[in-house]
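# What follows is a predicted protein model with its sequence.
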Amino acid sequence: MLYLLWGDTGNGWFFFQLVLTALGAAAAAASGRALAMTWGPIWLLLPFVAVLSAAVRFLHFALFQDELLSLPYYFVTLVTLLVVAGISYKSTRATQMATQYSWAYQKTGLSWRPH
């Protein structure tokens, strides 16, 4: 079916984005949210997302016959998922601070500020 839609373009950018956004970004957002909910430090996102990026690369290899050990694609995946996880973490933490300490802070975008 996808061959009919996209023609003879190969795996390329469409499949990279499909797996990256549909599976990887959702998992990265959940990881960022879970880490913030447990009040963990943000630097712990790096090892979590590094493993998640390797899993996304494996899905590209297993599903679309992409090269498994492609460092450029791994780094693009890593940076993209770190951004998604970081935004999710910061948003959840800002909501936590504004909810937990509503008498002292209010949420402002991805951060909080004193009343």
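In hand now; what should we look at? These numbers come from a predicted model, not from an experiment.
# For this structure, name the helix or strand with the lowest mean pLDDT.
Among the secondary structure pieces of the chain, namely its helices and strands, helix 2-6 has the lowest mean (mean pLDDT, DSSP states H and E), a mean of 42.
# surely residue 73 meets residue 59?
No - Residue 73 is not in contact with residue 59 according to Cβ atoms under 8 Å; the separation is 11.8 Å. Placement of C-beta: from N, CA and C, glycine included.
# Of the two, give the one with the bigger neighbour count.
The residue with more neighbours, out of residue 73 and residue 59 and counting by other Cβ atoms under 10 Å, is residue 73; that gives 18 against 15.
# got any ranges where this protein has weak pLDDT?
1-12, 15-16, 19 (pLDDT under 70).
# where do the strands sit along it?
105-108, 111-114 (DSSP state E).
# and these, which is most packed in?
Here the criterion is mean neighbour count by mean count of other Cβ atoms under 10 Å, and of those the winner is strand 105-108, at a mean of 14.
# Pull the residues that contact that strand.
Contacts of strand 105-108 from elsewhere in the structure, counted by Cβ atoms under 8 Å, 6 or more residues apart in numbering, are 94, 95, 97, 98, 112, 113, 114, 115.
# Pairing partners for it, with directions?
Applying DSSP bridges to the sheet, strand 105-108 is found paired with strand 111-114 (antiparallel).
# can I get the CA coordinates of the strand it pairs with in PDB?
Output of strand 111-114 as PDB, limited to C-alpha atoms (Å, rounded to 0.1, in the frame of the first residue of the first chain):
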ATOM      1  CA  SER A 111       8.700  26.700  33.700                       C
ATOM      2  CA  TRP A 112       7.200  28.300  36.900                       C
ATOM      3  CA  ARG A 113       7.600  31.600  38.600                       C
ATOM      4  CA  PRO A 114       6.800  33.000  42.100                       C
END
